[in-house]
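# Prediction below, plus the sequence it came from.
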Amino acid sequence: MKSDFSYDLLIIGGGISACVFASKFLQNNISKKIGIIEIGRRLGGRSSTRISKKFKGWKLNHGAPNFNISNSNDNLLLKNYIDQLLKNKFIKIDDSELISLGDNSNLEFLKKSQFYCGDNYLSSFSMGELSQKIIEFNDLRDKIDLFFGTLIVDLKFNNNEWISISNNGDKLISKYLICSSNLLLHKRSLKILNINQIPLRKAIPENKDKKIDLLLNLLDRQSFIPRLTFLIYTNEKYCYKDFYSKKYRYFFLNKKLQNKYKFERVIFQLQDNNKLGIVVHTKDIDFINSFINSKDEEFFKQAIFSHFNELFRNNSSVNQLTCNEEISIMKWRASQPSGYAVPLSLQFSKKYRIGFCGDWFEGEGFGRVEGSILSALILEEKFKTLSNTF
């Protein structure tokens, strides 16, 4: 049944950036009502958790099992927020073992990489639950409506209001609109939504707002690093060769091994049921395309087992898989942004009552959770000056 919903503010995308913005916004606007639109089944976006319906008791953090904050510019806004998450025990320091695989591998170099530079943190729950805890902070959850399995397919701006049309036919009307996902701003939306004009461009024609024009022009040059994620559910007897009791263990492959085995990193995750889940990331384009074009998924899964066992054949910590384990494969709609980063000066258009946040903005957190959080905090600061217009 098609329905109409009205909000003071609507957020498209349910990743960590959206949740940070929503929480901070409601702390300063406790009388307002907001909605969050998310195509997935849960909050978190790429920093989410797969809670399998088929395999009970498993929670695998797949896109971002942990996150790192470099903050070399010592941004107090970001520092204070991370300190708040630590104080409330939403996150904790990640002291898991980090192992670099391959000849001439350099662990110190790896610790300066995008995955591990600065301070590393784990969610005290799961990554998906972290996003949920953030929006529940200060008992503000009843001020937020969540729409899961929902995709916005069309945008309109009429009479100083945003009208967002969902794939379900629902109409969501809001005074302000926030895009934490940039799908409706990017050319990739044309193929995904099977349309001939970028939704934001359709809502705001060219030459109507210089900020919007520049933002769309920059995003036209922004690309994404595609990834496949393999989630391996081991049997109850599978364990490490050595004694290791921490929740996570990270293995990173050097370039030579990435080219040979097609894996980027392998993350072991101890489950509450004491089983070991394994998350494997790949960004190898040929490998991804071979999966997309494959008509035999079972054959492809066996290839993953083969690559895994060959990679860890003589490893002192990791046992071989029996090849009878279960695997689920995730292909991300969009992965880590790459190339042109959008300047933070383009985050908000007062004329069109629209704001933007996410890891696709400039800064040392570009493409990472750090950028998602910081852009949300900065955008919320900008909204404080608009309190009298709500």
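That came through fine.

# Can you list the low-confidence ranges for the chain?
1-2, 104-105, 140-141, 333-334, 387-390 (pLDDT under 70).

# now the farthest one out in it, which residue is it?
Distance from the centre of the chain peaks at N314, with 33.8 Å (C-alpha atoms, centre = their mean).

# Could I get the contacting residues of that one?
By C-beta atoms under 8 Å, 6 or more residues apart in numbering, N314 lies in contact with nothing. Yep, even glycine has a C-beta here, placed from its N, CA and C like the rest.

# That one belongs to a helix, doesn't it?
No. Judged by DSSP: H, G, I helix; E, B strand; the rest coil, N314 forms no part of a helix; its state is coil.

# which residues of the stretch 101-250 of the chain fall in helices?
107-110, 127-136, 188-193, 199-203, 210-220 (DSSP state H, counting those that start in this stretch).

# Could you single out the most deeply buried of these?
Highest mean neighbour count among these (mean count of other C-beta atoms under 10 Å): helix 127-136, with a mean of 23.

# okay, now the residue nearest to R368 when sequence neighbours are not counted: neighbour count?
The shortest distance from R368 to any non-neighbouring residue, by C-beta to C-beta, 6 or more residues apart in numbering, is to D359 (5.9 Å). The tally of other residues near D359 (other C-beta atoms under 10 Å) stands at 27.

# can you tell me which helix or strand D359 belongs to?
Using DSSP states H and E, D359 maps to neither a helix nor a strand.

# ok, now how distant is it from A18?
12 Å (C-beta to C-beta, to the nearest Å).

# how is this protein carved up into domains?
Using automatic domain parsing, the domains assigned to the chain come out as 4-83+128-224+338-389, 96-111+227-331.

# List just the one of the ones you listed that sits closest to D119.
The closest of the domains of the chain to D119 is domain 4-83+128-224+338-389. By C-beta to C-beta, the value is 5.2 Å.

# From the opening residue of stretch 86-96 to its closing one, how far?
17 Å (C-alpha to C-alpha, to the nearest Å).

# Show me what it is in contact with.
Contacts of stretch 86-96 (C-beta under 8 Å, 6+ apart): 66, 82, 85, 119-125, 130, 133-134, 137, 246-250.

# got the buried residues for it?
F90, I91, D94, S96 (16 or more other C-beta atoms under 10 Å).

# quick one, phi psi at the last one?
What it means is S96. phi -60, psi 160 (degrees, to the nearest 10).

# Give me the buried positions along stretch 261-280.
In stretch 261-280, counting by 16+ other C-beta under 10 Å, buried: 261-271, 275-280.

# Now, those residues that are in helices?
Y261 (DSSP state H).

# Out of the buried residues of stretch 261-280, name the ones that lie in strands.
Among the buried residues of stretch 261-280, DSSP state E puts R265, V266, I267, F268, Q269, L270, L276, G277, I278, V279, V280 in strands.

# Same list (those residues) but as CSV, adding distance to P205.
Formatted as CSV, these follow (distance: C-beta to C-beta, whole Å):
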residue, distance to P205
R265, 44
V266, 48
I267, 45
F268, 51
Q269, 48
L270, 53
L276, 54
G277, 48
I278, 49
V279, 44
V280, 45
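
# re earlier: buried subset of the contacts of stretch 86-96?
For the contacts of stretch 86-96, buried by 16+ other C-beta under 10 Å: 66, 82, 85, 120-123, 125, 130, 133-134, 137, 248-250.

# quick one: the residue nearest to R368 and S180, what's the gap?
From D359 to S180 the distance is 9 Å (C-beta to C-beta).

# shared neighbours of those two, anything?
S17, S372.

# Any figure for the gap between the residue nearest to the spatial centre of the chain and S372?
Residue closest to the average C-alpha location in the chain (C-alpha atoms, centre = their mean): R46, at 2.3 Å. To S372, R46 is 9 Å away according to C-beta to C-beta.

# Perfect, that will be all.
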